[in-house]
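Undergrad: Sharing a sequence plus its predicted fold:
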Amino acid sequence: MKAIQIVTPGQAPELREVDKPTPGPGQVLLKVTAAGACHSDDFVLNMPAEGFPYPLPMTLGHEGAGVVAAVGSGVTTLSEGTSVAVYGPWGCGVCHFCSRGLENYCPRAAELGIAPPGLGKEGAMAEYLIVDDARHLVPLGDLDPVAAVPLTDAGLTPYHAIKPSLGKLVGGTTAVVIGAGGLGHIGIQLLRHLTPARVIALDVSEDKLSFAREVGAHETVLSDADAVANVRKITGNEGATAVFDFVGLQPTIDTAMGIVGTMGDVVIVGIGDGVAAAKVGFFSQPYEVSVRAPYWGARDELIEVLDLARDGVLEVAVEKFSLDNGLEAYRRLAANELRGRAVVVPD
Ligand SMILES: [Zn+2]
Ligand SMILES: [Zn+2]
């Protein structure tokens, strides 16, 4: 079967012929119906060869959807032909975090050799995908897999990032979204649907800002050296109640820290360059600001996000590519030329 793999760190991925896998005990084989490309793939592709954390070559794709093609022995909860989305941040399934659905924070995953598809295990950018356990699969019902697959990360991650701030985002407050890309454009929609807050979106081009307004941002501000002053013109001295930074580079984190108000939240979601950080101290920011850097989301939250999509409140902007043309998706992702999410669909 065909698969898009990272072969050499620092170089573009390759479309290669690999063996079609067979499911072992407890595993599920999916015929992939859609796979999303993510900025964190780009981050992985550009990690240095020395100390590269994953086995190579490795099939990319941590956003996956498919139809159950076969099940391994012992799998009784899913039947062939069921259309499903894959919950990606696999954990051990039995520890305290996993028991709460927070497999993204499983403390035992690394020692047990458990890794997400596309981030340590063979991913979804292929004709078939092995899923380690049926509990990682959420039935899609009549949801279109192409529209739904980005929700497994680009929907789940902003949902998990926003949820703890919901109690603060009451009437009259302001939420700021930095980066109106794959995650940010869904984050804006979630904030509009789940809160009465005024939503301000920041990005680096007028094109991205008009996209942000299309998906629901009340106001937009160019993300440049004047961003803090320009956001403060809107919020006044109160500042923003919650800032969601879907970029995570030093300038965007500095902007977030500059616009957050007293008792506000700064949520750093974007990986950025991997080293950017927020400076926190008594005199560094308004009183009682909380800073958190979440990773992906919980299993129950994916079910909630897919239910929101079923209710018709999430419009995911998708650019579709065939598997044969999947390398072009990665080229455009790296060049920041995508409007929304790139989804690869095997023929
Ligand atoms: Zn991702
Ligand atoms: Zn666990």
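TA: Perfect, thanks for sending it. Numbering: from 1, shown residues only. Ligands and ions are numbered 1, 2, ... in the order given.
Undergrad: can you list contacts of stretch 223-237?
TA: 174, 176, 178-179, 198, 200, 202-204, 219, 221-222, 239-240, 247, 251-252, 255, 258-259, 261 (Cβ atoms under 8 Å, 6 or more residues apart in numbering). Every residue, glycine included, has its C-beta placed from N, CA and C.
Undergrad: which parts of that stretch are buried?
TA: For stretch 223-237, burial by neighbour count (16 or more other Cβ atoms under 10 Å) applies to 223, 227, 228, 230, 231, 232, 235.
Undergrad: Just the terminal-to-terminal distance for that stretch.
TA: 19 Å (Cα to Cα, to the nearest Å).
Undergrad: And stretch 87-101, by the same measure?
TA: End-to-end distance of stretch 87-101 (Cα to Cα): 11 Å.
Undergrad: does any bit of that stretch sit next to ligand 2?
TA: Yes - Stretch 87-101 comes into contact with ligand 2 (Cβ under 5 Å from the ion), by way of 91, 92, 95, 98.
Undergrad: How about the residues of the stretch 51-200 of the chain by ligand 2?
TA: Going by Cβ under 5 Å from the ion, the residues of the stretch 51-200 of the chain near ligand 2 are 91, 92, 95, 98, 106, 108.
Undergrad: Okay, and which of the residues of stretch 87-101 next to ligand 2 map to helices?
TA: Per DSSP state H, helices hold the following members of the residues of stretch 87-101 next to ligand 2: residue 98.
Undergrad: Now for the residues of stretch 87-101 next to ligand 2, which sits with the most neighbours around it?
TA: In terms of neighbours by other Cβ atoms under 10 Å, these top out with residue 91 at 24 neighbours.
Undergrad: quick one: contacts for that one?
TA: Counting by Cβ under 8 Å, 6+ apart, residue 91 makes contact with 97, 98, 102, 103, 104, 105, 106, 108, 109, 114.
Undergrad: Now do the same for the fourth one: its pLDDT.
TA: The score at residue 103 is 98. That number is its pLDDT.
Undergrad: got it, and the last one?
TA: With respect to pLDDT, residue 114 has a value of 97.
Undergrad: Next, it: secondary structure please.
TA: coil (DSSP: H, G, I helix; E, B strand; the rest coil).
Undergrad: which phi and psi does it have?
TA: As for residue 114, its main-chain torsions (degrees, to the nearest 10) stand at phi -90, psi 130.
Undergrad: Leaving out the residues flanking it, which one is nearest to it?
TA: Excluding its sequence neighbours, the residue lying closest to residue 114 (Cβ to Cβ, 6 or more residues apart in numbering) is residue 90, at 5.3 Å.
Undergrad: looking at it, the one you found is touching residue 136, isn't it?
TA: Yes - using Cβ atoms under 8 Å, residue 90 is in contact with residue 136, at 6.0 Å.
Undergrad: Tell me which of these two has more neighbours.
TA: residue 90 (26 against 23).
Undergrad: So for the more buried one, what pLDDT did the model give?
TA: For residue 90, the model assigns a pLDDT of 98.
Undergrad: what's the distance between whichever residue of the stretch 201-347 of the chain sits closest to ligand 1 and ligand 2?
TA: Closest residue of the stretch 201-347 of the chain to ligand 1, Cβ to the ion: residue 296 (7.6 Å). Using Cβ to the ion, to the nearest Å, residue 296 is found at 14 Å from ligand 2.
Undergrad: A helix includes that residue, no?
TA: No - assessed with three-state DSSP, residue 296 is coil; it does not lie in a helix.
Undergrad: Tell me, what's the model's pLDDT at it?
TA: What the model reports for residue 296 is a pLDDT of 98.
Undergrad: Count the neighbours of it for me.
TA: For residue 296, the count of nearby residues is 24 (other Cβ under 10 Å).
Undergrad: Then residue 172?
TA: Neighbour tally, residue 172, other Cβ under 10 Å: 10.
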